[in-house]
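In: build me a model from this:
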Amino acid sequence: MSHDSKRVNVRILDKEYQVACRADEKEALLTAAQELDQRMRQVRNAGPSAMGMDRIAVMVALNLCHELQQERKKSSQGQVADDVLERLAAKLDRALSP
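Out: Just a heads-up that it's a prediction; the model follows:
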């Protein structure tokens, strides 16, 4: 752990974890841990009562990965659209130039 890192306690599904992070990332870590806790509680409450912590974690991880893929897809589609618009603008500039 570097000199600007410290250990932060987070609570997820009533279990305490110590996580090393930089001081300037503490708030983001706490927010992420809170969101993870909420998501894991939702999965736990929606599933069978005997669902174990590892299965809950895997289900949440799959959901998060799916959301990330969707965002990446949107982002790449947006980039493609931006590229097309830039090419069209350049063609228009050339066509309208004397």
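In: which strands and helices sit next to the longest helix along the chain?
Out: In the chain, taking DSSP state H as the definition, the longest helix is helix 53-96. Counting contacts by 3 or more CB pairs under 8 Å, 6 or more residues apart in numbering; DSSP states H and E, helix 53-96 packs against helix 26-46. All C-beta atoms are positioned from the backbone trio N, CA, C, and that covers glycine.
In: can we see that at 10 Å?
Out: Where contact means 3 or more CB pairs under 10 Å, 6 or more residues apart in numbering; DSSP states H and E, helix 53-96 is packed against strand 5-12, helix 26-46.
In: residues making contact with the first one?
Out: In this case it means strand 5-12. 1, 16-23, 25-27, 29-30, 32-34, 36-41, 53, 56-57, 60 (CB atoms under 10 Å, 6 or more residues apart in numbering).
In: list the buried ones in the following helix or strand past it?
Out: Toward the C-terminus, strand 5-12 is succeeded by strand 15-22 as the next helix or strand (DSSP states H and E). Within strand 15-22, the residues that count as buried by 16 or more other CB atoms under 10 Å are Cys21.
In: partners of strand 15-22 in the sheet?
Out: strand 5-12 (antiparallel) (DSSP bridges).
In: now the partner strand: average pLDDT?
Out: Per-region confidence: strand 5-12 scores 93 on mean pLDDT.
In: pull that strand out as PDB, backbone CA atoms only.
Out: Output in PDB follows, covering the C-alpha atoms of strand 5-12 (Å, rounded to 0.1, in the frame of the first residue of the first chain):
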ATOM      1  CA  SER A   5      -3.400   4.900   0.400                       C
ATOM      2  CA  LYS A   6      -5.300   3.900   3.400                       C
ATOM      3  CA  ARG A   7      -7.700   1.200   4.400                       C
ATOM      4  CA  VAL A   8     -11.400   1.900   4.300                       C
ATOM      5  CA  ASN A   9     -14.100  -0.300   5.900                       C
ATOM      6  CA  VAL A  10     -17.100  -1.100   3.700                       C
ATOM      7  CA  ARG A  11     -20.100  -3.200   4.600                       C
ATOM      8  CA  ILE A  12     -21.700  -5.500   2.000                       C
END
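In: perfect, that will be all.
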